[in-house]
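Asker: Dropping the sequence and predicted coords here.
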Amino acid sequence: MINITFLGTSSSIPTLKRNPTSVLLTYKGENILIDCGEGTQRQFRKAKLNPCKITRMLITHWHGDHILGIPGMLQTLSLSGYNKTLFIYGPKGTKKFMKSLLKTFIFKLNYKIEIKEVKGKFFENQEFYLEAKEMNHGIPCNAYTFIKKGQVKINKEKLKKTKLPSGPLLKKLKQGKNITYEGKKYLAKNLISKENDVKVSFVYDTVFNKKISTFAKNSELLICDSSFHSDIENKAKENKHLTAKQAGEIAKKSKSKKLVLTHISQRYDKNLKEILDDARKVFKNSILVKDFDVVEIK
């Protein structure tokens, strides 16, 4: 089960109901924080989440509404006995900005931080991998994808009939390799099946561009900047953001299954339906999230 908790869903300026951007993706032992807007540590409290479980932080870009919560979060971890290595990933310039940040705020850092500037596939283990793609926002900016690998499973009923012993032979089968046992050949394709990968894409501040739909292709969930309504598309372009309708177009072209609208401008606080309807004109399976909403993927 992949759980995605929306800790902040506003755009540049927080509102009474919406905190600046922050999303937590939880999968097994991983807790990946995407952006850390001002007040994110308090949002953890409200959501009854433990910040000490954070394993990785992905920074989309270095505008204040996406990173001003980092100093407070780092301090809270120090004061709470955080005992892991915190991996922080971001676009070009992240090492320089993190170095400056750590010099500006005076607190005892008693755990290890590893900072990496990333593009393409930058992390992989047996369960999942992470990818970054540069976006167009006027400054270095990344979109990210989380891809849960489809697991290879051996058909137990078919295996039972073969009387193959457990051990190295079955390991080879899981790797898709054909095997021979007691003079008989067994084809992997007849005994195994592979689940589909599950992809979650995070596309925040960027102007509309063709590479987004390619990067987000076949997403189970596309989480997307929807700062503006399409009736002021020129303003969205000027500020290098997306409209809700453009988010819908990206979801449709990328063949995503579900679109999540977030990073909502304060101007729509009293009429959120306007933004949702704008996306649904082109992509019906769209939802608009508020702070503390949780989306689950089985």
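Answerer: Arrived safely, thanks for sending.

Asker: In contact with the residue positioned nearest the centre of the chain, which residues?
Answerer: Centroid-nearest residue in the chain, with Cα atoms, centre = their mean: residue 202, separated by 4.8 Å. Residues near residue 202 by Cβ atoms under 8 Å, 6 or more residues apart in numbering: 23, 34, 58, 60, 143-146, 223. For every residue, glycine as well, the C-beta is placed using N, CA and C.

Asker: can you check residue 68 too?
Answerer: Contacts of residue 68 (Cβ under 8 Å, 6+ apart): 20, 36-38.

Asker: quick check, nearest of the residues you listed to residue 281?
Answerer: Nearest to residue 281 among the contacts of residue 68, counting by Cβ to Cβ, is residue 20 at 27.6 Å.

Asker: number of nearby residues for the nearest residue to that closest one once chain neighbours are set aside?
Answerer: Counting by Cβ to Cβ, 6 or more residues apart in numbering, residue 20 lies nearest to residue 37, which is 2.8 Å off, once chain neighbours are set aside. By other Cβ atoms under 10 Å, the residues close to residue 37 number 25.

Asker: Residue 37: what's it in contact with?
Answerer: 8, 14, 19-22, 65-69.

Asker: Mark which of these are buried, thanks.
Answerer: Buried by 16 or more other Cβ atoms under 10 Å: 8, 14, 19-22, 65-67, 69, out of these.

Asker: Reformat those residues as JSON lines; add distance to residue 155 and pLDDT.
Answerer: Formatted as JSON lines, the buried ones among the contacts of residue 37 follow (distance: Cβ to Cβ, whole Å; pLDDT from 0 to 100):
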{"residue": "8", "distance to residue 155": "45", "pLDDT": "97"}
{"residue": "14", "distance to residue 155": "52", "pLDDT": "93"}
{"residue": "19", "distance to residue 155": "47", "pLDDT": "96"}
{"residue": "20", "distance to residue 155": "49", "pLDDT": "96"}
{"residue": "21", "distance to residue 155": "44", "pLDDT": "97"}
{"residue": "22", "distance to residue 155": "42", "pLDDT": "98"}
{"residue": "65", "distance to residue 155": "50", "pLDDT": "96"}
{"residue": "66", "distance to residue 155": "46", "pLDDT": "98"}
{"residue": "67", "distance to residue 155": "48", "pLDDT": "97"}
{"residue": "69", "distance to residue 155": "48", "pLDDT": "97"}
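
Asker: Just the ones of the residues you listed in helices?
Answerer: Counting by DSSP state H, the part of the buried ones among the contacts of residue 37 found in helices is 65-67.

Asker: picking up where we left off before, tell me which of the buried ones among the contacts of residue 37 is nearest to residue 119?
Answerer: Of all the buried ones among the contacts of residue 37, residue 119 sits closest to residue 66, with 17.8 Å by Cβ to Cβ.

Asker: Spatially, what comes nearest to that closest one if we skip its sequence neighbours?
Answerer: Leaving aside its sequence neighbours, residue 66 sits nearest to residue 35 (Cβ to Cβ, 6+ apart; 4.4 Å).
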